[in-house]
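Participant: Prediction below, plus the sequence it came from.
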Amino acid sequence: MDDILASFKRVQLCHQPTALEEMPRLTKALGGPRLWIKRDDCTGLATGGNKTRKLEFLMADALEAGADMVVTQGAVQSNHVRQTAAAACKLGLDCYALLERRVPNKGQDYEQTGNVLFDHMFNTQIEFFPPGLDMNAEAQAVTERLKQEGRKPYFIPGGGSNAIGALGYVSTAQELLQQCKAIDLSPKLIVLSTGSAGTHAGMVAGFHALGCEIPILGISVRQPEAVQIENVYNLAVKTAALLTDKELPHDKIIVDDGYVGEGYGIPTETMRMATKMLARNEGILLDPVYSGKGMAGLIGQIESGQIEKGGDVIFLHTGGAVSLFAYEDQFSSLHAAE
């Protein structure tokens, strides 16, 4: 398979290829289908996660632009900000992060542990913001101010989710197909969490450019289905345009918003049970915001019959277990529920 990303600039940040592992005990617990997991929680940078792949392309673009710092934004327990800050340290850049207090009713500990602790370890300049603002616009305003102060900042949108960042998940699409071919695996479905849309869009664009027809199901962690479909489609079109002239069909974008619960970052019972189930059957940690709800969606669709028992299904693990420490109250009672 030719490397469709060979012409794009990137920096080496990621441990790759990440493993593709069978999950036999979870498969048995659910009675099928045969389940696999793509371990993008193990990309290496600052405990790993999906943003590392995006940052290989974004940071290369920042260096090409002559940047001396990066500016980005996310929720308080942002995996993206943690990995961006680590990448900045690795490449000798400063990092300015705008953190939105998006999740309600969280105490002071929530803003000191987990990802935020790591942000401070990476010497990130942090500014907190109230919920509900256009955070990309706020970050762009900070970028302009820093330019006026004589700095050379490079703006990275939330989640690293633009066409350049989404190339990171074109790389995963290509890598995953190579791994499947090597073991003669023909999955009927890929399942992932979908939030800022870059991971989902990159996978869709990658499969499209490579002529792969395996459907990709995104379990929304924030937006209603119709909104998320448009978010993913618009970014997938921009990403695919960098790779191919073939038009991307709208029906390639599949989203289930039934596992969001009360909102972004707000725990649900299905998330808690899915996180517990994977930990105790496969020894793999999920996170409460993204992969936990994504796995809840996969399990829920199997149990409801939306995903039939036969064949092979791959779950893309996007990382984020660091944030479990910020949600200790949601999991500390699990041992008492036996």
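Facilitator: Nice, I can see it. Note that the structure is a prediction, hence the values are computed from the model and not measured. Numbers count the residues shown, from 1 in each chain.
Participant: for this protein, longest helix please?
Facilitator: With DSSP state H applied, the helix covering the greatest number of residues in the chain is identified as helix 163-182.
Participant: Go through it and flag the buried ones.
Facilitator: Residues of helix 163-182 classed as buried by neighbour count (16 or more other Cβ atoms under 10 Å): 163-177, 179-180. Heads up, the C-betas are built off the backbone N, CA and C, glycines and all.
Participant: For residue 54, see how far away residue 67 is.
Facilitator: The span separating residue 67 from residue 54 equals 16 Å under the rule Cβ to Cβ, to the nearest Å.
Participant: Check residue 318 too.
Facilitator: Counting by Cβ to Cβ, the gap from residue 318 to residue 54 is 11 Å.
Participant: quick one: which of the two has more around it?
Facilitator: Taking neighbours as other Cβ atoms under 10 Å, residue 318 and residue 54 compare with residue 54 leading, 32 against 27.
Participant: May I have the residues that are in contact with that one?
Facilitator: Residue 54 makes contacts with 159-161, 165-169, 198-199, 202, as judged by Cβ atoms under 8 Å, 6 or more residues apart in numbering.
Participant: residues in contact with residue 241?
Facilitator: For residue 241, the residues meeting the contact criterion (Cβ under 8 Å, 6+ apart) are residue 163.
Participant: The chain should start at 11 in everything you say after this.
Facilitator: Will do, 11 is the new start, and the previous item becomes residue 251.
Participant: Output the helix or strand of the chain with the lowest mean pLDDT as CSV, nothing but the C-alphas.
Facilitator: Counting by mean pLDDT, DSSP states H and E, the chain has its least confident helix or strand at helix 338-341, which shows a mean of 87. Provided in CSV are the C-alpha atoms of helix 338-341 (Å, rounded to 0.1, in the frame of the first residue of the first chain):
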residue,chain,number,x,y,z
GLU,A,338,-12.4,9.7,41.3
ASP,A,339,-15.8,10.2,42.9
GLN,A,340,-17.5,8.4,40.0
PHE,A,341,-15.4,5.3,40.4
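Participant: who touches it?
Facilitator: Residues external to helix 338-341 that are found in contact with it (Cβ under 8 Å, 6+ apart): 277, 282, 285-286, 298, 334.
Participant: Can you tell me which of these are classed as buried?
Facilitator: A residue is treated as buried here by neighbour count (16+ other Cβ under 10 Å); on that basis the buried members of these are 277, 282, 285, 298, 334.
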